[in-house]
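K.L.:
fold the following.
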Amino acid sequence: MSEKAVVIYSGGMDSFTILHRAHRDGFELYPLTFDYGQKHKKEIAYAQAVCAELNLPHRIIDITAINQLLQSSSLTSDKTIPEGHYAADNMKSTVVPNRNMILLSLAIGYAVDIGASKVFYGAHSGDHAIYPDCRPEFVHAMNAVAQIANYDPVEIVTPYLSGDKISILREGLAMGLDYSKTWTCYNGREKACGKCGSCVERLEAFTLNKAIDPLIYEPVA
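P.N.:
The predicted structure follows:
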């Protein structure tokens, strides 16, 4: 019998790659997607479509009630999504307070409930500068807690923690993955904006991998 694993699956590039990697490696997967009131809710539809294609038991969990506690972030409020690279200080407005601790806690609880021993989570080094809850010290601390928080220990698996989106994309392209099935843009409009930090990092990864991004972007003004 295959080992059960939960995958925190947003519908973006990183979690898309980790989902397929874990699927390739033979895990019995239980993808978990969270609706926390994010502006880019469009990513949820992308996650749903991929899981249906792979015939995986996908759960979409509505935790939008917490949105009223997280209004300091431009992703969960009426604040404007900043433009530019993640290295820029203005991108800190996209930090959702305690988001990954909340999501990991729920995923660990789900893993214990279904008898899964692992939770896959797509943190990577490209997010370290802006997002404290993607840094190694946070992940290692959460992993330590996950070993003792329940009768059944759960391992948080982060294969890309020391890599970046460029290397993640490189691996995914080598696996033959179709990234038109992912959504990255923080603006949930019909087309990707190409200007927010998430879009900029995505486009940079494709350029450095000498590949063409299959997503359609808004025309440059």
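K.L.:
list the residues that contact I61.
P.N.:
Going by Cβ atoms under 8 Å, 6 or more residues apart in numbering, I61 touches 32-35, 106. (Glycine included, C-beta is placed from N, CA and C.)
K.L.:
rebuild those as TSV, extending it with secondary structure, neighbour count and pLDDT.
P.N.:
Below are the contacts of I61 laid out as TSV (DSSP: H, G, I helix; E, B strand; the rest coil; neighbours: other Cβ atoms under 10 Å; pLDDT from 0 to 100):
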residue	secondary structure	neighbour count	pLDDT
L32	strand	23	98
T33	strand	22	97
F34	strand	23	94
D35	strand	14	91
L106	helix	17	97
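K.L.:
how about the strands in this protein?
P.N.:
4-8, 28-35, 59-62, 118-120, 155-157 (DSSP state E).
K.L.:
pull out the buried positions in stretch 14-25.
P.N.:
The neighbour-count check on stretch 14-25 (16 or more other Cβ atoms under 10 Å) flags 14-23 as buried.
K.L.:
need those in a markdown table with distance to E204, can you?
P.N.:
Listed next are those as a markdown table, based on distance: Cβ to Cβ, whole Å:
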| residue | distance to E204 |
| --- | --- |
| D14 | 14 |
| S15 | 19 |
| F16 | 17 |
| T17 | 16 |
| I18 | 20 |
| L19 | 22 |
| H20 | 22 |
| R21 | 22 |
| A22 | 26 |
| H23 | 27 |
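K.L.:
contacting residues for the closest residue to G122 other than its chain neighbours?
P.N.:
Distances taken as Cβ to Cβ, 6 or more residues apart in numbering place D14 nearest to G122, at 3.6 Å, with adjacent residues excluded. Contacts for D14 were tallied using Cβ under 8 Å, 6+ apart; they are 122, 124, 160, 165, 168.
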